[in-house]
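K.L.:
Below is the structure, and that's it, no one-letter string:
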């Protein structure tokens, strides 16, 4: 049984909100919370250095900085996701409502794109 390949791609399919996207990896999920947690701890160290105290004195400051940083990181991640989803929805709606400006893209195979290569010996 042969699978028939599509010869044309609709540009609106790239921004379709119903289209399932790739599952993000563990680094992608943890990037903002980890970064903002590090910034919170670094800020506590900076305050200690500015006050001429040992960097890691006052564990409660570091714990509070880490907690606030993690909450801020999770909020930033959700904000970025909402912003991206809104942008994709606007682009999808624009492409769907202006089909003349976005004709279907014809699929090409590498054999038709690359030039013939003959080695010279």
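P.N.:
Noted; the coordinates are in hand. Computed from a predicted structure; not experimentally measured. Residues are numbered from 1 along each chain as shown.
K.L.:
residue ranges for the helices of the protein, please.
P.N.:
Taking DSSP state H, the helices of the chain run over residues 26-50, 59-97, 110-113.
K.L.:
Could you count how many residues lie near residue 45?
P.N.:
19 (other CB atoms under 10 Å). For glycine as for every other residue, the C-beta is placed from the backbone atoms N, C-alpha and C.
K.L.:
which residues touch the residue nearest to it when sequence neighbours are not counted?
P.N.:
Spatial nearest neighbour of residue 45, chain neighbours left out: residue 55 (4.6 Å); criterion: CB to CB, 6 or more residues apart in numbering. Going by CB atoms under 8 Å, 6 or more residues apart in numbering, residue 55 touches 45, 48, 49.
K.L.:
and which of those is nearest residue 69?
P.N.:
Proximity of those to residue 69 (CB to CB) peaks at residue 45, which lies at 12.3 Å.
K.L.:
Now do the same contact list for that closest one.
P.N.:
55, 56, 62.
K.L.:
got CSV for those, with pLDDT too?
P.N.:
Below are the contacts of residue 45 laid out as CSV (pLDDT from 0 to 100):
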residue, pLDDT
55, 87
56, 88
62, 96
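K.L.:
which of those residues lies closest to residue 22?
P.N.:
Nearest member of these to residue 22, counting by CB to CB, is residue 62, at 35.7 Å.
K.L.:
so where's the chain uncertain?
P.N.:
Residues of the chain meeting the criterion pLDDT under 70: 1-6.
K.L.:
center of it - which residue?
P.N.:
Nearest to the geometric centre of the chain sits residue 28, at 7.3 Å (CA atoms, centre = their mean).
K.L.:
how far away is that residue from residue 91?
P.N.:
21 Å (CB to CB, to the nearest Å).
K.L.:
tell me the contacts of residue 110?
P.N.:
Counting by CB under 8 Å, 6+ apart, residue 110 has no contacts.
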